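Chemist: whatever this is, show me its structure:
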Amino acid sequence: MKVYLVGGAVRDRLLNLKVQDRDWVVVGATQQQLIEQGYLQVGKDFPVFLHPQTKEEYALARTEVKSGSGYTGFICDFSPHISLEQDLCRRDLSINAIAQDQQGNLHDPYRGVADLNARILRHISPAFAEDPLRVLRVARFAARYHALGFKIAPETLSLMTEISLSGELGHLSAERIWLETEKALAEKDPQIYFEVLHQVGALAELFPEIENLHQVPNPAKYHPEVDSFIHTMLVLKQAALLSEGEDVHKNALRFAALCHDLGKALTPQAILPHHYGHEKAGLVPIKNLCQRLKVPVYYRELALLCCEYHSHVHKALELRPGTILKLFNQLDIWRRPRRFQELMLVCLADNRGRTGFEQSPYPQQAFLQELQLAAAAVDVKAVIAEGFEKQAIREELNRRRLAALSKKLAEIRPLFIQNQSPPSLY
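Modeler: Here you go, the predicted model:
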């Protein structure tokens with residue numbers, strides 16, 4: 001029996017990156033042998049075991065033969081005669097098919113080290129096309145390693161396109177699509193994931209609401225990039241930058257940035273490149289997307305709020321006190337202050353997600369934050385202590401909050417207006 005460290009642990013160590021998890025492959029052993037040594041079997045479709053002390057995953061070397069549609073239609077052979085090279089051959093990319101033995105020696109039958117050094121994501125064999133999930137996985141790796149200069153090999157892009165056009169993507173479950181997408185949203189460059197899927201034709205199949213933004217124009221005066229899909233990718237990139245290190249739900253924030261302009265794909269041809277009413281129009285495609293992919297509730301709620309109210313935020317310096325109070329009530333900033341901060345960051349990303357506007361000032365954010373503090377300072381307990389009950393509590397709170405907003409607006413609006421940046425939507 002021989003044991004090898006495989007996959008991401010070897011790859012990331014060679015890239016001088018932090019190793020998150022370690023996976024092992026066992027060659028020349030049977031299930032019974034591992035069980036007798038104290039390993040705990042956890043795999044159902046093929047034998048995966050937890051080490052009795054470290055709890056790291058150990059899998060028997062195996063081969064896979066395509067037997068049906070989708071990513072589950074495989075027959076696995078995990079008999080003791082399966083070699084390390086055979087096990088590595090079933091993996092998706094050459095950079096994920098490097099093994100290290102217990103003496104520290106590398107085993108690299110598919111030139112993964114060379115591709116790491118050349119910054120290339122390359123499939124190992126034509127068997128890559130047997131698993132449609134690999135289209136999403138490669139797009140995710142492209143997002144993860146984009147900052148290091150990695151590119152997808154032309155022949156791999158061609159194969160990904162063939163898979164996308166074959167109908168195989170239709171066999172992927174909503175759970176698997178969302179799992180890969182959620183992982184991609186957490187990467188440093190999540191926009192690359194969606195750009196790659198668009199490039200190979202998978203976006204139209206899996207995310208038609210996003211694909212439909214392609215070639216939908218915006219006014220060049222405010223959007224030098226013009227194209228709504230390009231703008232969305234720029235906004236997602238800014239959202240990734242702005243959410244790093246912040247006390248926010250960064251994946252939900254990035255998903256909201258991705259969805260904030262979906263209504264633009266529904267704009268009547270006659271009024272293009274303007275998009276009057278795209279905020280409300282975008283709610284239906286967001287709901288459809290979230291229902292189809294079983295997106296978590298918090299992601300859905302934040303995306304819907306950002307879609308409906310981002311233009312209100314962009315025009316905050318023009319709003320009357322009553323309108324701002326209504327906005328705050330609709331956003332429920334009283335109980336959900338962190339969600340309000342997430343919406344602010346999405347709007348900031350929207351402002352900066354335009355060619356040439358990457359460092360554009362956005363006084364609306366600080367403006368609304370000051371107003372939030374002023375309105376939130378109204379003491380609910382004091383209202384109750386003064387004898388107000390039931391609906392009267394809400395009415396008195398609104399009256400006092402409106403007074404606080406009016407006073408604060410008179411103080412700060414002139415200071416902020418002189419620093420106002422051009423709106424990003426008109």
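Chemist: show me how this protein divides into domains.
Modeler: Domain assignment for the chain by automatic domain parsing gives 1-111, 207-417.
Chemist: and the helices in the stretch 1-150 of the chain?
Modeler: For the stretch 1-150 of the chain, the helices defined by DSSP state H, counting those that start in this stretch cover 8-14, 31-36, 84-89, 112-118, 133-145.
Chemist: for His214, which non-adjacent residue is spatially closest?
Modeler: Closest residue to His214 apart from its sequence neighbours, by Cβ to Cβ, 6 or more residues apart in numbering: Phe229 at 4.3 Å. The way it works is simple: take the backbone N, C-alpha and C, and place the C-beta from them, glycine included.
Chemist: surely the one you found and Val216 touch.
Modeler: Yes: using Cβ atoms under 8 Å, Phe229 is in contact with Val216, at 7.3 Å.
Chemist: tally up the residues packed near Val378, please.
Modeler: Neighbour count for Val378, taken as other Cβ atoms under 10 Å: 19.
Chemist: contact partners for it?
Modeler: Neighbouring residues of Val378 by Cβ atoms under 8 Å, 6 or more residues apart in numbering: 397, 400-401, 404.
Chemist: so which of the residues you listed is the closest to Met233?
Modeler: Nearest to Met233, judged by Cβ to Cβ, of the contacts of Val378 is Arg401 at 38.2 Å.
Chemist: now the closest one: closest residue in space, sequence neighbours ignored.
Modeler: Of all residues not flanking Arg401 in the chain, Ala375 sits nearest, at 4.5 Å (Cβ to Cβ, 6+ apart).
Chemist: what's across from the residue nearest to Leu40 when sequence neighbours are not counted in the sheet?
Modeler: Spatial nearest neighbour of Leu40, chain neighbours left out: Leu50 (4.5 Å); criterion: Cβ to Cβ, 6+ apart. Beta bridges link Leu50 to Leu40, Glu57, judged by DSSP bridges.
Chemist: which residues does Leu50 contact?
Modeler: Leu50 neighbours (Cβ under 8 Å, 6+ apart): 39-40, 42, 56-58.
Chemist: dump those residues into TSV; add pLDDT and neighbour count as well.
Modeler: Shown next, in TSV, are the contacts of Leu50 (pLDDT from 0 to 100; neighbours: other Cβ atoms under 10 Å):
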residue	pLDDT	neighbour count
Tyr39	92	19
Leu40	90	13
Val42	88	10
Glu56	92	14
Glu57	91	17
Tyr58	92	21
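Chemist: will you turn those residues into CSV that also has distance to Asp131?
Modeler: Rendered in CSV, the data for those read as follows (distance: Cβ to Cβ, whole Å):
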residue, distance to Asp131
Tyr39, 27
Leu40, 27
Val42, 21
Glu56, 24
Glu57, 20
Tyr58, 22
